[in-house]
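Visitor: sequence and predicted structure below; questions after.
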Amino acid sequence: MRTEKIRIAFFDAKDYDIDSFQNTLPGWQAAHPDAPGMEFAFFETRLKPDTLELARGAKVVCIFVNDIVDGEIASALHDMGVELLALRCAGYNNVDIEACYGKIHVVRVPAYSPYAVAEHAMALLMTSIRRIHKAYIRTRDFNFSLSGMTGFDFHGKTVGIVGTGKIGVCFMNICRGFGMNVLAYDKFPSQQLIDGGTEYVPLEEIWRRSDIISFHCPLTDETRHMVNEESIAMMKKGVVLVNTSRGALVDSEALLSGIKNRQVGAACLDVYEEESDFFFHDFSGHIVEDDTLARLISMPNVIVTSHQAFLTEEALGNIAETTLDNTAEFFAFGTCANELCYRCGRLETCPRTHENKCF
Ligand code: NAI
């Protein structure tokens, strides 16, 4: 058994990450007395070519959604002796899994709280349509006028859900609770959902029939800019778009045009294509250079949160627990159930066992 502590270098670490990992570790170690000891080094900076030297001495590098790992960074980490890249998120579009193959193992947290994200999607939707954000500001200024505050009932509306995995299903259940009609699209429809009465339709039908469309699929070459000029033109006039998945599912310029020409009635965005330059940081005293983001935020019918859908106590605790589990499992067996496997090409459902390691 390994006696020295495993050093984990955290990049893009925020106060809530530090708290959740530090608070989780003692209980986790007590529950896993045979697991190797772990020590943490937290860095606020992102993992970049000019910061990766901070990882020296670590066996594990733990990153978040906007830390980009390409072939160059993977090779540099490998040369430094880093064995494991632990994503403290579910999505992995920021990591070149192919380039990591043979150099550094990549694990993720496939599910930490689908409820957190689905509930945030509904919170954005309700805030936007019932103008809660505006009411909050008005009543604080003792302005009790209701002018311009008219929303619409969700009951009886059709919601299109793109991606019916863990988060999509939670969101679907919330919408059904509101009495909405649900249409679903997924590249891999779920037989269980079909048996339960879910109506899967082609993507074009989602565009044509939905009053509200919410995105819960991963960002891939196939889904990049699935919301574009052409798809927006197919949508119902006044459609409401909710994106809590990944920013680049939406062509932001096309969205802006759709909002300007009134084709899109409202947009609720927890993610943005170029978010890595801005999100998670305070730019309140600065001029934001991204004109598209600035214009979107200035629109009365656009509401933006800064990739915060995951941010609940439960989700943070689960992220910390699973990351510690992944690390211990990897150092015990050389692989881990949550490893992203390039070799077998089945990233989501890798059939490997501990005896059949990736590399
Ligand atoms: P999941 O893996 O359970 O579900 C994803 C679904 O998308 C699957 O059913 C899959 O078959 C489907 N899919 C794959 N390719 C598709 C395509 N080309 N078109 C349509 N559907 C496709 O993932 P989960 O946990 O539900 O997360 C969904 C996404 O939410 C993640 O990929 C991530 O990008 C995003 N996310 C955002 C968070 C936030 O804080 N805003 C937090 C966690 C996840």
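Guide: Received the coordinates, thanks.
Visitor: can you pull the contacts of Glu205?
Guide: Leu183, Tyr185 (C-beta atoms under 8 Å, 6 or more residues apart in numbering). C-betas here are computed from N, CA, C, even on glycine.
Visitor: got phi/psi on it?
Guide: Listed backbone geometry of Glu205 is phi -70, psi -30, with angles given as degrees, to the nearest 10.
Visitor: cool, Thr322 as well?
Guide: Geometry field for Thr322 lists phi and psi as phi -70, psi -40, criterion degrees, to the nearest 10.
Visitor: please shift the residue numbers so they start at 31 in all later answers.
Guide: Got it, first residue is 31 now, which makes that one Thr352.
Visitor: name the SS class of the residue lying closest to it once chain neighbours are set aside, please.
Guide: Leaving aside its sequence neighbours, Thr352 sits nearest to Val139 (C-beta to C-beta, 6 or more residues apart in numbering; 4.4 Å). For Val139, the assignment made with DSSP: H, G, I helix; E, B strand; the rest coil gives coil.
Visitor: isn't Val139 up against Ala120?
Guide: Yes: the pair Val139 / Ala120 is scored as a contact, 6.1 Å apart, by C-beta atoms under 8 Å.
Visitor: list the contacts for the closest residue to Arg254 other than its chain neighbours?
Guide: On the basis of C-beta to C-beta, 6+ apart, the spatially nearest residue to Arg254 that is not a chain neighbour turns out to be Ala278, at 5.2 Å. Under the criterion of C-beta under 8 Å, 6+ apart, the contact partners of Ala278 comprise Asn123, Leu249, Arg254, His255, Glu303.
Visitor: how about the first one: what's its closest non-neighbour residue?
Guide: The shortest distance from Asn123 to any residue that is not its chain neighbour, by C-beta to C-beta, 6+ apart, is 4.3 Å, and that residue is Leu249.
Visitor: the residue positioned nearest the centre of the chain - nearest residue in space that isn't next to it in sequence?
Guide: For the chain, the residue whose C-alpha lies nearest the mean C-alpha position (C-alpha atoms, centre = their mean) is Ser275; its distance is 5.1 Å. By the measure of C-beta to C-beta, 6+ apart, the closest residue to Ser275 outside its immediate chain neighbours is Phe245, 4.5 Å from it.
Visitor: distance of the one you found relative to the ligand?
Guide: In this structure, Phe245 and the ligand are separated by 8 Å, where distance is defined by C-beta to the nearest ligand atom, to the nearest Å.
Visitor: tell me how far that residue lies from Ala151.
Guide: According to C-beta to C-beta, to the nearest Å, Phe245 and Ala151 sit 9 Å apart.
Visitor: count the neighbours of Ile317 for me.
Guide: Burial measure for Ile317: 6 neighbouring residues, criterion other C-beta atoms under 10 Å.
Visitor: helices of the stretch 281-389 of the chain, start to end?
Guide: In the stretch 281-389 of the chain, the helices defined using DSSP state H, counting those that start in this stretch lie at 282-290, 321-328, 343-363.
Visitor: meant to ask about the stretch 31-180 of the chain, not that
Guide: Taking DSSP H, counting those that start in this stretch as the test, the helices found in the stretch 31-180 of the chain are 45-61, 101-110, 127-130, 144-159, 162-170.
Visitor: alright, I will stop here.
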